[in-house]
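K.L.:
quick check, what structure comes out for this input:
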Amino acid sequence: MNIGLIAHDAKKKLMQNFCIAYRGILSKHELYATGTTGRLIEEVTNLSIHKFLAGHLGGEQQLGAQIEQNQIDLIIFLRDPLSAKSHEPDINKVVRLCDTHNIPLATNLATAELLIKSLERGDLEWRQMYK
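P.N.:
Model (predicted):
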């Protein structure tokens with residue numbers, strides 16, 4: 001499955017720790033991330049990640065295009081709800097696209113862990129029929 005990874009600045013360390021903890025599961029899948037998040041994950045996990053531009057430079061738009069083309073099966077987007085972002089419309093578009101295209105989306109650690117464990121059990125195999 002193709003997994004998209006995005007983390008706001010205040011959540012990047014949390015994303016790194018999440019990817020360290022679930023490296024075994026993530027290593028079995030194709031990973032896509034916004035630029036800085038992808039680089040930081042690679043540094044601590046040695047996972048191979050296709051990196052788009054940094055989120056605020058258009059990486060979230062690039063990931064959104066992948067969602068529109070049905071190329072992403074799951075998004076883990078660790079958002080910082082307490083800080084306004086100048087690229088908020090791009091952030092909201094990713095969420096809206098996930099809703100439109102039935103892409104499972106986690107926006108916090110609790111749902112990220114639920115989705116990754118579901119992925120490991122095979123509960124997300126239904127995504128294959130969308131392809």
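K.L.:
separation between Q66 and E43?
P.N.:
Using CB to CB, to the nearest Å, Q66 is found at 23 Å from E43. All C-beta spots, glycine's among them, are computed from the backbone N, C-alpha and C.
K.L.:
next: F77.
P.N.:
20 Å.
K.L.:
so which of those two has more stuff around it?
P.N.:
F77 (26 against 9; other CB atoms under 10 Å).
K.L.:
pretty sure I75 is in a strand, no?
P.N.:
Yes: the assignment for I75 is a strand, going by DSSP: H, G, I helix; E, B strand; the rest coil.
K.L.:
is it bridged to anything, and to what?
P.N.:
Following DSSP bridges, I75 is listed with bridge partners G4, L105.
K.L.:
so what's it up against?
P.N.:
With contact taken as CB atoms under 8 Å, 6 or more residues apart in numbering, I75 is in contact with I3, G4, L5, I6, L63, I67, V94, C98, I103, P104, L105, A106.
K.L.:
swap in 10 Å and give it another go.
P.N.:
Neighbouring residues of I75 by CB atoms under 10 Å, 6 or more residues apart in numbering: 2-6, 32, 63-64, 66-67, 94-95, 97-98, 103-107, 112, 115.
K.L.:
equivalent analysis for G4, please.
P.N.:
30-34, 37, 50, 52, 60, 63-64, 66-67, 71-77, 94, 98, 103, 105.
K.L.:
was I right to think R39 contacts I49?
P.N.:
Yes: between R39 and I49 there is a contact at 8.2 Å, judged by CB atoms under 10 Å.
K.L.:
identify each buried residue in the helix or strand bottoming out on mean pLDDT in the chain, please.
P.N.:
When the helices and strands of the chain are scored by mean pLDDT, DSSP states H and E, helix 88-100 comes last with a mean of 81. By neighbour count on 16 or more other CB atoms under 10 Å, the buried set for helix 88-100 is D90, I91, K93, V94, V95, L97, C98.
K.L.:
try stretch 22-35
P.N.:
For stretch 22-35, using 16+ other CB under 10 Å, the buried residues are Y22, L26, L31, Y32, A33, T34, G35.
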